[in-house]
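Colleague: dropping the sequence and predicted coords here.
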Amino acid sequence: MKRETEPAMIMKTEHSIGEDGQHRIAIDGLRVWIFKDGDMWVAHGIDIDYVVSGETAAQAQEAFGFGLSMTLAENIRRFGSIERFISKRAPRDIEECWLAERSKLKDETVPLRMSQAIGAPQEEFGVPPQVHYFKEQRAA
């Protein structure tokens, strides 16, 4: 059932295995909310339920990209696909808070740097994958 407040999904994913046997993953349009929570900065996926934190917004953003690639690699190793992981969206309350705050946030779209452990999606699929980081306007 579609959430009433839910914007159209913009995240696209592709997982394939090359002739060399290497897994290739492309994720494009993933939305991540970066916000301050107490003394820490939190990076929370909107399209996937994945969360990390850091002492600065930049650290949280870097940890998100690195941790996401490692989590995807582990899902491939354990389950043979990324479907179990990418099918879980952020909880409703997180998405509703993000939607309420979205107009105040800075949208910073950056290429997703995936770990070599799961291939180089920009070479395999053409366009570099993009992540939309929505950051609070506070000093990091």
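Modeller: That came through, no problem.
Colleague: look up phi and psi at Asp49.
Modeller: phi -90, psi 80 (degrees, to the nearest 10).
Colleague: which residue, other than its chain neighbours, is closest to it?
Modeller: Lys88 (4.5 Å; CB to CB, 6 or more residues apart in numbering). All C-beta atoms are positioned from the backbone trio N, CA, C, and that covers glycine.
Colleague: Three-state assignment for the one you found, please.
Modeller: Secondary structure state of Lys88, per DSSP: H, G, I helix; E, B strand; the rest coil, is coil.
Colleague: does it touch Val51 like I think?
Modeller: No: counting by CB atoms under 8 Å, Lys88 sits too far from Val51 to count as a contact (11.5 Å).
Colleague: max-length helix in the chain?
Modeller: In the chain, assigned by DSSP state H, the helix with the most residues is helix 57-79.
Colleague: mind listing what's buried along that helix?
Modeller: 57, 59-61, 64-65, 68-69, 71-73, 75-76 (16 or more other CB atoms under 10 Å).
Colleague: any chance of the residues you listed in JSON lines, plus distance to Glu14 and pLDDT?
Modeller: Listed next are the buried residues of helix 57-79 as JSON lines, based on distance: CB to CB, whole Å; pLDDT from 0 to 100:
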{"residue": "Ala57", "distance to Glu14": "29", "pLDDT": "90"}
{"residue": "Gln59", "distance to Glu14": "29", "pLDDT": "91"}
{"residue": "Ala60", "distance to Glu14": "26", "pLDDT": "91"}
{"residue": "Gln61", "distance to Glu14": "23", "pLDDT": "88"}
{"residue": "Phe64", "distance to Glu14": "20", "pLDDT": "89"}
{"residue": "Gly65", "distance to Glu14": "18", "pLDDT": "84"}
{"residue": "Leu68", "distance to Glu14": "15", "pLDDT": "87"}
{"residue": "Ser69", "distance to Glu14": "15", "pLDDT": "82"}
{"residue": "Thr71", "distance to Glu14": "17", "pLDDT": "88"}
{"residue": "Leu72", "distance to Glu14": "12", "pLDDT": "85"}
{"residue": "Ala73", "distance to Glu14": "16", "pLDDT": "83"}
{"residue": "Asn75", "distance to Glu14": "15", "pLDDT": "88"}
{"residue": "Ile76", "distance to Glu14": "13", "pLDDT": "86"}
